[in-house]
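> need the 3D shape of this:
(chains A, B and C)
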Amino acid sequence: MGKSVQISVACPVCAGAFSPTRSGHLYCSETCRKRHHKQEKAKETKVKKARRIAAKFKKLSTTPFGKYLVRELKRAGSVEVLRGHTKTSLGSLVKLRTRCNTVSGYDEGKPRGTYELSHIYAAQGEHGLGRLHPKNLVIAPRAFNRSIGAAGSDDWLDLYVDYPLLENNWKLTPDMTAEQVLKLARKYLKEPFDDWLSSFTITASQQQTLIKKLIEQGYKQSNLIGLDLDELKELAANAEIEVYTADSDSEGAFAVLCEELARQTPNSELLSMALILKGIRWASNIDDVLFRLKEKDIKAATEFVCEQGWRRLHRMQCESEWHGIPLNEFFTGNPLESEI
DNA sequence: ACTCCCACGATCAAAGCGCG
DNA sequence: CGCGCTTTGATCGTGGGAGT
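As a prediction, this is how the structure comes out:
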């Protein structure tokens, strides 16, 4: 121990100079020593978090939403249609997609496809790519979605990405794998993507669940791995494993319209009208509420509002009169009174 | 007086379960 | 399939008690 030797070294934490009093004396003070441990621990948790997200990311392409994302991105040909997404908006997109399936109903376990996520500014419009964002998507009847074709105006800047501004490094080619597509999307969105992924719950698909249950029953994994859902269900039936097959009717267009109007145009007059129309058949004071509209015309007027609603949601030209009656003269200012 | 250690509750993510 | 609810597991800050 060179007790008499006075060597001054820099503390690796605060960079301040100090003289070590013994070998292995690394930090200038207890505070710095602790701070150093804290930093090491923070580094460790950061690495762990990254690992957790990476594991989740691997599974993403096997989930229904992951597949949807890949499909839509490939269709667009660029991950830039994800422009402006945040953790929250990505979450909303997930919700919107599942909601679309729910209102469509299921037939033998498969979504009926009654409704589609319709682009307001067309996916591949005249001036650019419609954004894959809840702002630019509407749950709409399939027939309506298919009938409008590519549409969009060049002043809907918030809804699309200009063709000339698309960058080559964000472009996608049809031969790319799902993992490659998602990797690019993640790279493009950066932290918001990981933040969202961290909160996104990945649930095992029915296929994965069945495979697991069948293995528990003694089946060999190697025999199950290539089978599709229907084949697995058949095996499960033999093994007396209960399988649920989703089966439900699609929801009525008017109810779905009201939901979407509330989401996209919460303060519109059309929404108010639609809500009254929706509730009027349960009302005890119909006569007080109706103004120029006749009771026998309610059904036809509803259909009119429905059609105009889908058009309005797509920012298309709308008619504000039905058989000479302006929308705002359908009803008086009296609130609906429920029959119950 | 100070460090070290562990219990404790709060919080959040992941996995499991049951239902329609 | 999608949802709500529960269980399990990991992490983190606080604080008291034991030991030096």
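> got the end-to-end distance for stretch A:189-208?
29 Å (CA to CA, to the nearest Å).
> so how far is it off the chain centroid?
11 Å (CA atoms, centre = their mean, to the nearest Å).
> run a quick neighbour tally on the residue nearest to A:Leu137 when sequence neighbours are not counted.
Spatially, and ignoring its direct neighbours in sequence, A:Leu137 is nearest to A:Leu117 (4.7 Å; CB to CB, 6 or more residues apart in numbering). (Each C-beta comes from the backbone N, C-alpha and C, glycine too.) If you count neighbours by other CB atoms under 10 Å, A:Leu117 ends up with 20.
> next up, the contacts around A:Leu117.
Contacts for A:Leu117 (CB atoms under 8 Å, 6 or more residues apart in numbering) come out as A:Leu96, A:Arg97, A:Cys100, A:Leu137, A:Val138, A:Ile139.
> so which of the residues you listed sit within strands?
A:Leu137, A:Val138, A:Ile139 (DSSP state E).
> just the buried members of the residues you listed?
In the ones in strands among the contacts of A:Leu117, burial by neighbour count holds for A:Leu137, A:Val138, A:Ile139, counting by 16 or more other CB atoms under 10 Å.
> now the helix or strand hosting A:Trp196: mean pLDDT?
For A:Trp196, the host element (DSSP states H and E) is helix A:191-199. Mean pLDDT, helix A:191-199: 89.
> which residues are in contact with it?
In contact with helix A:191-199 (CB under 8 Å, 6+ apart) are residues A:49, A:52-53, A:56-57, A:60, A:85-87, A:90-91, A:185-186.
> stretch A:246-253 too?
Contacts of stretch A:246-253 (CB under 8 Å, 6+ apart): A:102-109, A:112, A:114-115, A:141, A:306.
> name the nearest of the contacts of helix A:191-199 relative to A:Pro174.
A:Ala185 (15.9 Å; CB to CB).
> which residue is nearest the middle of chain A?
Nearest to the mean C-alpha position of chain A, by CA atoms, centre = their mean, lies A:Leu93 at 1.7 Å.
> tell me who's in contact with that one.
Contacts of A:Leu93 (CB under 8 Å, 6+ apart): A:His85, A:Leu132, A:His133, A:Pro134, A:Leu137.
> same thing but at 6 Å, please
A:Pro134 (CB atoms under 6 Å, 6 or more residues apart in numbering).
> please apply the same query to A:Lys171.
So A:Lys171 contacts A:Ser78 (CB under 6 Å, 6+ apart).
> where's it relative to A:Tyr68, distance?
From A:Lys171 over to A:Tyr68 the distance is 20 Å, taken as CB to CB, to the nearest Å.
> nearest residue to the residue in the stretch 151-300 of chain A that DNA strand C sits nearest to other than its sequence neighbours?
Residue of the stretch 151-300 of chain A nearest DNA strand C, by CB to the nearest atom of the strand: A:Gln206 (3.1 Å). Of all residues not flanking A:Gln206 in the chain, A:Leu229 sits nearest, at 6.3 Å (CB to CB, 6+ apart).
> related to what we said a few turns ago, with pLDDT and distance to A:Ala301 added, can I get the contacts of A:Leu117 in CSV?
CSV is the format used below for the contacts of A:Leu117 (pLDDT from 0 to 100; distance: CB to CB, whole Å):
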residue, pLDDT, distance to A:Ala301
A:Leu96, 95, 28
A:Arg97, 94, 32
A:Cys100, 95, 27
A:Leu137, 97, 28
A:Val138, 96, 22
A:Ile139, 96, 22
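> now the two most distant members of these.
Farthest pair in the contacts of A:Leu117, by CB to CB: A:Arg97 and A:Val138, 12.3 Å.
> what's the burial count for A:Lys212?
A:Lys212: 12 neighbours (other CB under 10 Å).
> just confirm it is within a strand.
No: counting by DSSP: H, G, I helix; E, B strand; the rest coil, A:Lys212 is not part of a strand but helix.
> any idea how far it lies from A:Asp195?
Plainly put, A:Lys212 is 30 Å away from A:Asp195 if you go by CB to CB.
> tell me which residue in chain A sits closest to DNA strand B.
A:Tyr244 (3.2 Å).
> and that residue, how many residues sit next to it?
By other CB under 10 Å, the burial measure for A:Tyr244, its neighbour count, is 7.
> I'd say the residue nearest to A:Gln206 and A:Gln207 touch.
Yes: at 5.2 Å, A:Leu229 and A:Gln207 qualify as touching, with contact defined as CB atoms under 6 Å.
> which of the contacts of stretch A:246-253 are buried, as a PyMOL select command?
Only the buried entries of the contacts of stretch A:246-253 go into this PyMOL selection, using 16+ other CB under 10 Å:
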select buried, chain A and resi 102+103+104+105+106+107+112+114+115+141+306
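> in JSON lines: the contacts of stretch A:246-253, plus distance to A:Gln221, secondary structure and pLDDT.
Below are these laid out as JSON lines (distance: CB to CB, whole Å; DSSP: H, G, I helix; E, B strand; the rest coil; pLDDT from 0 to 100):
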{"residue": "A:Thr102", "distance to A:Gln221": "32", "secondary structure": "helix", "pLDDT": "92"}
{"residue": "A:Val103", "distance to A:Gln221": "37", "secondary structure": "helix", "pLDDT": "94"}
{"residue": "A:Ser104", "distance to A:Gln221": "34", "secondary structure": "helix", "pLDDT": "94"}
{"residue": "A:Gly105", "distance to A:Gln221": "34", "secondary structure": "coil", "pLDDT": "93"}
{"residue": "A:Tyr106", "distance to A:Gln221": "28", "secondary structure": "strand", "pLDDT": "92"}
{"residue": "A:Asp107", "distance to A:Gln221": "30", "secondary structure": "strand", "pLDDT": "91"}
{"residue": "A:Glu108", "distance to A:Gln221": "26", "secondary structure": "coil", "pLDDT": "87"}
{"residue": "A:Gly109", "distance to A:Gln221": "23", "secondary structure": "coil", "pLDDT": "85"}
{"residue": "A:Arg112", "distance to A:Gln221": "33", "secondary structure": "coil", "pLDDT": "93"}
{"residue": "A:Thr114", "distance to A:Gln221": "37", "secondary structure": "coil", "pLDDT": "94"}
{"residue": "A:Tyr115", "distance to A:Gln221": "37", "secondary structure": "strand", "pLDDT": "96"}
{"residue": "A:Pro141", "distance to A:Gln221": "43", "secondary structure": "strand", "pLDDT": "96"}
{"residue": "A:Cys306", "distance to A:Gln221": "50", "secondary structure": "helix", "pLDDT": "94"}
